[in-house]
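**Q** Just to be clear, the model below is a prediction. Sequence and coordinates:
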Amino acid sequence: MASGPSLVVALAMVAAAAVATAKECTNVPTQLSSHTVRARLQGTPGAEEWRLRELFHEHVNPTEESTWMDLLPLAGTATAGAAATEEFDWAMLYRALKGGAVGSSAAAEQQRPSVLEEASLHDVRLDPGDEVYGRAQQTNLEYLLLLDVDRLVWSFRRQAGLPAPGAPYGGWEAADVELRGHFVGHYMSAAAKMWASTHNGTLAGKMSAVVDALHACQQAAPNGGKGYLSAFPAEFFDRFEAIQPVWAPYYTIHKIMQGLLDQYTAAGNRKALDMVVSMASYFGDRVRSVIQRHTIERHWTSLNEETGGMNDVLYQLYAITNDQRHLVLAHLFDKPCFLGLLAAQADSLSDFHANTHIPVVVGGQMRYEVTGDPLYKDIATFFLDVVNSSHSYATGGTSVSEFWYNPKRLAETLTTENEESCTTYNMLKVSRHLFRWTKEVAYIDYYERALINGVLSIQRGRDSGVMIYMLPQGPGKSKAESYHGWGTQYDSFWCCYGTGIESFSKLGDSIYFEEKGSKPALYVVQYIPSTFNWKSAGLTVTQQVKPLSSSDQNLQVSLSVSAKTNGQYATVNVRIPSWTSVNGAKATLNDKGLQLASPGTFLSVTKHWVSGDHLEIQLPINLRTEAIKDDRPEYASLQAVLFGPFLLAGLTTGDWDANTGAAISDWITPVPSSYNSQLVTLTQESGGSTFVLSTANATSLRMQPWPEGGGTDDAVHATFRLVPATTKEPSSAMIEPFGLPGMAVTNSLTVSGEKSPASVFNVVPGLDGEPGSVSLELGTRPGCFVLTAGAKVQVSCRSGSGGGEAGFLKAASFKRAEPLRRYHPISFAARGARRGFLLEPLFTLRDEFYTVYFNLGARQVN
């Protein structure tokens, strides 16, 4: 395999390649399938936009009837001629679609599969003291509370001809952006789920105000009380139905309908349900009109514009209303030209816009749940299998520049534009459904990996309302340096902002699942500190998780039970993940040993549970490497490093060559937590400003201004570890740059991996005599010190008293400040071919530059 620099050049070509071709299934050129491209064109209209709009009309491709015949109507059904004389019959259409009769609602109910029930968010409470999930939830809640109702609904009111106080938000919610209104739908979903998760009263008031405002818009005269509700005019759907350029109006409608439906299902707002039913009626009429005026084929063609999860929300609505019109309308949004490929079990995902099509699969999964149609179960199973085996990164995420690339060719896709956040949000839905149907641990293992590395990674620490669109995975990339970078609180509102606020509002929805009945069973599938009110069993289950560290490589989980009455006979099933091992694993029930199940299965305990029962599990969590999804031999050495489900990123601006041994422990070692006490940042004052001693290009030293904020490369470069060189001389130390473990500053002020007397300094009291200051004397040249001259760092020897002595003493003295950076509890040092790497969980990084893949075939450079 090529060494780092040459391979990086090859990978840089991916951005152009990813948008070079379009899939026949879509009538939109690949460029226009990208939300990023459409937003850019709308922001800077001109000749290029109109060129693409002309291309739009040249890419109208008919749906291939051969891909999925049972989705298409029988000959002569619903033709334009018949529509002129016959009343539209939803039941007849459904029979035509399915090629047979439709049973009664009762029969449909009997066909519904038996699946695990999700625990209600009302019954799950995350531990607010948890530094990972509890903190992420709180950060998101702060953002939801920050947003203003009038600004959110401004464009809805303007469209409805109602007074609109204030001003609209910016970004994709701006008044001139065709996708406006989508985030408001997400907000209603997120607020409903966050309220269910916290019962925050202020949030309850805000979300009710949003629903009330939208209800007034739906009832306003311009909408005629006919059910239409949007932030843009109905004319957008005229363009959609005419196969003319418009930015995904049904995508936005799906978000609004789903938000209202979530307000009903999670927050009990009946008005919101009535609004969704009215919207379904309005859009059902529009779809019916297209089929009557043209053909059903024309409707299928229009679906080649992104429609979000319209099928999904309508199947959910049908499950509530049992109105067959909702079932048929949902089926009319099942995109046959895409689902047909999956039904045939063909991996033809390359060049499809990923987040256009994942929600279609999710909708198909909902169809299976409400009708029992096994085809859709098979489709979802194949889809997740093929994405995981051929199109996924080590994060669990997928897509490059919003599209799927060639299967098992991911080595050339590593860039800043990997893993659109929306795709991870939707892939989690796919895996969650599959787990509920099958109870297979592999699906929830995937969920865990994607949640930790894909979802938790998109927040910028505790900064509320600051999230990313893409998750970079190229060597030497940063979350802050992608095309979109970090968003802002009031002027972004990308699609990934909407899915982001939803993801952090429902962190408790996939920890516990139930099997109800006379002998209730509970499945504990995620290790997240939380409490579950298990009402069907009359029990409360509290889960505690000992914080992980790289030094103590065991996951320790405790489940304690309290009973409301005299207890309950029930089964508790706890996931034993595939990433653990049998050696060192153990489980106890009330301090008595249990036989632990094999990795990839469940530990099942059936008993009469009473207050005070406690189940303890210890699972070894080990390091391992995982090859990138690329079957070409020249890329076999490109591998990621994982610690259990945690993807470890190496801090680097581009170098990714590693020098490995026979075992992973030969080149990766834990960073003890005690090392944090040895960290320091060295500063000087000059001209009223503070400067810090820093590494430059991982090879030398310089002075730079005090970094603004944490989570940056500047903070990494300005932090050093003072490593005691000998126990006999307490002041004798090696100076190890924070991001370059195993390396040291030499007496010639270079950074080297060679440890010798030339790497030793005497850290002595500051020559300036100021309290708390230190000076760095060269171990090989007593009387010679590190000192500064502006940004330059150099060595100079003390010559005695004189006119320049005071300046020398000041320039050779540094204040010993608190370190700008500290080691994460899960930190490792890895040996590279030319340098050391500090490995930390990807989700903990903010603006730092990193790599998630290493070239393990490189030779060490001395």
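**A** Alright, I've got the coordinates.
**Q** shaky segments in this protein?
**A** 1-33, 37-38, 40-88, 90-110, 727, 800-803, 858-862 (pLDDT under 70).
**Q** which residue is nearest the middle of it?
**A** residue 455 (2.6 Å; Cα atoms, centre = their mean).
**Q** for that one, helix, strand, or coil?
**A** Here residue 455 is helix, with the state taken from DSSP: H, G, I helix; E, B strand; the rest coil.
**Q** what about it, distance to residue 761?
**A** Distance of residue 455 to residue 761, computed by Cβ to Cβ, to the nearest Å: 44 Å. Every residue, glycine included, has its C-beta placed from N, CA and C.
**Q** With residue 777 instead?
**A** Distance from residue 777 to residue 761, by Cβ to Cβ: 6 Å.
**Q** next one: residue 131
**A** Residue 131 is 35 Å from residue 761, where distance means Cβ to Cβ.
**Q** Which one's more surrounded, these two?
**A** residue 761 (25 against 11; other Cβ atoms under 10 Å).
**Q** That one in helix, strand or coil?
**A** Using three-state DSSP, the structure places residue 761 in strand.
**Q** Assess the claim that it and residue 735 are in contact.
**A** Yes: contact status for residue 761 versus residue 735: in contact at 6.0 Å, counting by Cβ atoms under 8 Å.
**Q** joint contacts of the two?
**A** Counting by Cβ atoms under 8 Å, 6 or more residues apart in numbering, the common neighbours of residue 761 and residue 735 are 745, 776.
**Q** Wait, the residue nearest to the centre of the chain touches residue 426, no?
**A** No: assessed by Cβ under 8 Å, residue 455 is found out of contact with residue 426, at 11.5 Å.
**Q** Show me how far stretch 272-279 is from its chain's centre.
**A** 30 Å (Cα atoms, centre = their mean, to the nearest Å).
**Q** Show me what counts as buried in that stretch.
**A** Buried residues in stretch 272-279, counted by 16 or more other Cβ atoms under 10 Å: 272, 273, 275, 276, 277, 278, 279.
**Q** Contacts for that stretch next, please.
**A** For stretch 272-279, the surrounding residues in contact (Cβ under 8 Å, 6+ apart) are 188, 211, 214-215, 218, 226-229, 253, 256-257, 260-261, 263-264, 313, 317, 320-321, 323.
**Q** And the buried ones among those residues, selectable in PyMOL?
**A** Burial among those is assessed by 16+ other Cβ under 10 Å; the matching PyMOL selection reads:
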select buried, resi 188+211+214+215+218+227+228+229+253+256+257+260+261+263+264+313+317+323
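**Q** Just the ones in strands from the contacts of stretch 272-279, please.
**A** Using DSSP state E, no member of the contacts of stretch 272-279 sits in strands.
**Q** circling back: which one of the buried residues of stretch 272-279 is nearest residue 535?
**A** Closest approach between the buried residues of stretch 272-279 and residue 535, by Cβ to Cβ: residue 273, at 23.5 Å.
**Q** OK, contacts around residue 722?
**A** Neighbours of residue 722 in contact, by Cβ under 8 Å, 6+ apart: 678, 679, 680, 733, 734, 735, 736, 763.
**Q** gap between it and residue 701?
**A** Applying Cβ to Cβ, the value for residue 722 to residue 701 is 15 Å.
**Q** could you pull out the helices for the stretch 201-350 of the chain?
**A** Taking DSSP state H, counting those that start in this stretch as the criterion, the stretch 201-350 of the chain contains helices spanning 201-219, 235-241, 249-265, 270-293, 296-302, 310-321, 324-331, 336-343.
**Q** Those helices into TSV, with extra columns for distance to residue 576?
**A** Below are those laid out as TSV (distance: least, Cβ to Cβ, whole Å):
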stretch	distance to residue 576
helix 201-219	37
helix 235-241	49
helix 249-265	32
helix 270-293	40
helix 296-302	45
helix 310-321	32
helix 324-331	37
helix 336-343	31
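**Q** Between these, which one is closest to residue 853.
**A** Comparing these against residue 853 with Cβ to Cβ, the closest turns out to be helix 336-343 (28.6 Å).
**Q** CA-only coordinates of the closest one in PDB, if you can.
**A** Extracted as PDB, the C-alpha positions of helix 336-343 are listed here (Å, rounded to 0.1, in the frame of the first residue of the first chain):
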ATOM      1  CA  PRO A 336     -40.800   1.100  -6.200                       C
ATOM      2  CA  CYS A 337     -37.800   1.800  -8.300                       C
ATOM      3  CA  PHE A 338     -35.600   1.700  -5.200                       C
ATOM      4  CA  LEU A 339     -37.400  -0.800  -3.000                       C
ATOM      5  CA  GLY A 340     -37.600  -3.100  -6.000                       C
ATOM      6  CA  LEU A 341     -33.800  -3.300  -6.200                       C
ATOM      7  CA  LEU A 342     -33.700  -4.300  -2.600                       C
ATOM      8  CA  ALA A 343     -36.500  -6.800  -3.000                       C
END
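**Q** name the helices or strands packed onto that helix?
**A** For helix 336-343, the packing partners by 3 or more Cβ pairs under 8 Å, 6 or more residues apart in numbering; DSSP states H and E come out as helix 354-371, helix 374-390.
**Q** on that earlier part again, which of the contacts of residue 722 lies closest to residue 793?
**A** Distances from residue 793 to the contacts of residue 722, taken by Cβ to Cβ, are shortest for residue 735, at 11.8 Å.
**Q** Surely the closest one touches residue 746?
**A** No: counting by Cβ under 8 Å, residue 735 does not reach residue 746; the two are 9.2 Å apart.
**Q** So what's the residue count around residue 850?
**A** Residue 850: 27 neighbours (other Cβ under 10 Å).
**Q** Pretty sure residue 608 sits in a helix.
**A** No: assigned with three-state DSSP, residue 608 falls outside any helix and is strand.
**Q** any idea how far it is from residue 572?
**A** Counting by Cβ to Cβ - residue 608 and residue 572 are separated by 12 Å.
**Q** Check residue 334 too.
**A** 38 Å.
**Q** Output the buried residues of stretch 272-279 in JSON lines, with distance to residue 653 appended to each entry.
**A** JSON lines is the format used below for the buried residues of stretch 272-279 (distance: Cβ to Cβ, whole Å):
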{"residue": "272", "distance to residue 653": "49"}
{"residue": "273", "distance to residue 653": "53"}
{"residue": "275", "distance to residue 653": "51"}
{"residue": "276", "distance to residue 653": "49"}
{"residue": "277", "distance to residue 653": "55"}
{"residue": "278", "distance to residue 653": "55"}
{"residue": "279", "distance to residue 653": "50"}
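**Q** Which one of those is nearest to residue 297?
**A** residue 279 (25.2 Å).
**Q** From residue 193, how far out is that closest one?
**A** For residue 279 relative to residue 193 (Cβ to Cβ), the value is 20 Å.
**Q** How about residue 792?
**A** 55 Å.
**Q** and the two? which has more neighbours close in?
**A** The residue with more neighbours, out of residue 792 and residue 193, is residue 193; 25 against 10, by other Cβ under 10 Å.
**Q** Confirm that that one sits in a helix.
**A** Yes: assessed with three-state DSSP, residue 193 lies in a helix.
**Q** I'd assumed residue 261 was in contact with it.
**A** No: applying Cβ under 8 Å as the test, residue 193 and residue 261 come out as separate, 11.8 Å apart.
**Q** Quick one: the helices in the stretch 51-200 of the chain, in order.
**A** Under the criterion DSSP H, counting those that start in this stretch, the stretch 51-200 of the chain carries helices at the ranges 80-85, 90-98, 105-111, 133-146, 149-152, 154-159, 182-198.
**Q** my bad, should have said the stretch 751-862 of the chain
**A** Using DSSP H, counting those that start in this stretch, helices in the stretch 751-862 of the chain cover 805-811.
**Q** Then the stretch 451-600 of the chain?
**A** Counting by DSSP H, counting those that start in this stretch, the helices of the stretch 451-600 of the chain are 495-503.
**Q** Now residue 395: phi and psi?
**A** Per-residue torsions, residue 395: phi -70, psi -20 (degrees, to the nearest 10).
**Q** Tell me which of the helices of the stretch 201-350 of the chain approaches residue 141 most closely.
**A** Of all the helices of the stretch 201-350 of the chain, helix 201-219 comes closest under Cβ to Cβ, at 7.1 Å.
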